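> Sequence first, then the predicted structure, then my questions.
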Amino acid sequence: MDTEIQGRAAHVAAIRERAEAEMKAMGIDEAFIDHLVETFYGRILQHPTLGPVFDAKLAGRWPEHMQKMKSFWSSVAFRSGAYGGKPVQAHTGVANMTPDLFPQWLALFSETLTDIAPNPEAKAWFMATAERIARSLTLSLFYNPALDDPQRKPA
Ligand code: HEM
């Protein structure tokens with residue numbers, strides 16, 4: 001039993017070490033994640049369609065949201081386990097949430113990374129990760145079998 005637990009702990013530690021090395025090679029560290037979250041949500045608030053949707057839900061709670069998003073990205077990048085929330089549930093309570101907001105979110109994230117990412121590899125990593133999560137959130141929130149068309153190309 002002990003060896004099984006030790007084996008699992010070693011496995012988790014190995015995954016974490018590999019993630020840290022991979023991020024370090026791309027110049028991604030906690031300071032960059034901090035800067036990215038601050039810059040991106042600053043721009044979200046200025047955005048004509050995304051801004052009001054976010055602010056309607058987060059007015060008075062922005063500092064808490066920023067902290068949550070930093071620990072979310074840090075968990076994804078470094079496999080740190082720092083974030084333990086439920087993203088799908090969090091988005092079900094957002095008023096005026098529509099599928100077309102996701103491409104706008106991704107476009108703004110991409111622009112932000114073009115401006116501040118340390119290099120193209122770092123930008124590509126954040127975009128691939130965000131696109132995967134956006135696709136999965138879109139399916140969880142809006143999947144409708146009546147509209148499912150296997151011939152349709154992804155947006
Ligand atoms: C159009 C797209 C989106 C909108 C309008 C949106 C809006 C929001 C809002 C208003 C919250 C705060 C919920 C609350 O605390 O009551 C939230 C939380 C969150 N969002 Fe989004 N979001 C979008 C896309 C995304 C994407 C693409 C990601 C990931 C890459 C993401 C990750 C998260 C996470 C991790 C949280 C925190 C969930 C928690 O409470 O643990 N969101 N979002």
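Alright, I've got the coordinates. Numbers count the residues shown, from 1 in each chain.
> Only C-alpha atoms from now on, for both contacts and neighbour counts.
Fine.
> Could you list the low-pLDDT ranges of the protein?
For the chain, residues meeting the criterion pLDDT under 70 lie at 1, 152-155.
> in it, which residue is closest to the centre?
Ala130 (5.1 Å; Cα atoms, centre = their mean).
> Could I get the buried residue list for the helix or strand it falls within?
According to DSSP states H and E, Ala130 maps onto helix 120-142. Using 16 or more other Cα atoms under 10 Å as the test for burial, helix 120-142 gives Ala122, Lys123, Phe126, Met127, Ala130, Ala134, Arg135, Leu137, Thr138, Leu141.
> want to throw the residues you listed into TSV with distance to the ligand?
Converted to TSV, the buried residues of helix 120-142 look like this (distance: Cα to the nearest ligand atom, whole Å):
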residue	distance to the ligand
Ala122	15
Lys123	13
Phe126	9
Met127	9
Ala130	4
Ala134	4
Arg135	8
Leu137	7
Thr138	9
Leu141	11
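> can you tell me which two in those are farthest apart?
Maximum pairwise distance among those (Cα to Cα): 28.3 Å, between Ala122 and Leu141.
> got the contact list for the closest residue to Asp29 other than its chain neighbours?
Nearest-residue entry for Asp29: Met23, 6.9 Å, with adjacent residues in sequence omitted and distances by Cα to Cα, 6 or more residues apart in numbering. With contact set as Cα atoms under 8 Å, 6 or more residues apart in numbering, Met23 has these partners: Asp29, Ala77, Phe78.
> now swap in Ser71 and tell me
If a contact means Cα under 8 Å, 6+ apart, then Ser71 has Ala82, Tyr83 as its contacts.
> and what of Glu38?
Counting by Cα under 8 Å, 6+ apart, Glu38 has contacts Met66.
> Let me know the helix or strand that Tyr41 is in.
Using DSSP H and E, Tyr41 falls in helix 30-46.
> hey, C-alpha coordinates of that helix in CSV?
Output of helix 30-46 as CSV, limited to C-alpha atoms (Å, rounded to 0.1, in the frame of the first residue of the first chain):
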residue,chain,number,x,y,z
GLU,A,30,4.3,32.8,-12.5
ALA,A,31,5.2,36.4,-13.2
PHE,A,32,4.2,36.1,-16.8
ILE,A,33,0.9,34.4,-15.9
ASP,A,34,0.2,37.3,-13.5
HIS,A,35,0.9,39.8,-16.2
LEU,A,36,-1.1,37.9,-18.8
VAL,A,37,-4.2,37.7,-16.6
GLU,A,38,-4.0,41.4,-15.6
THR,A,39,-3.5,42.5,-19.2
PHE,A,40,-6.2,40.2,-20.7
TYR,A,41,-9.0,41.0,-18.2
GLY,A,42,-8.1,44.7,-18.4
ARG,A,43,-8.8,44.4,-22.2
ILE,A,44,-11.9,42.3,-21.6
LEU,A,45,-13.4,45.2,-19.6
GLN,A,46,-12.7,47.6,-22.5
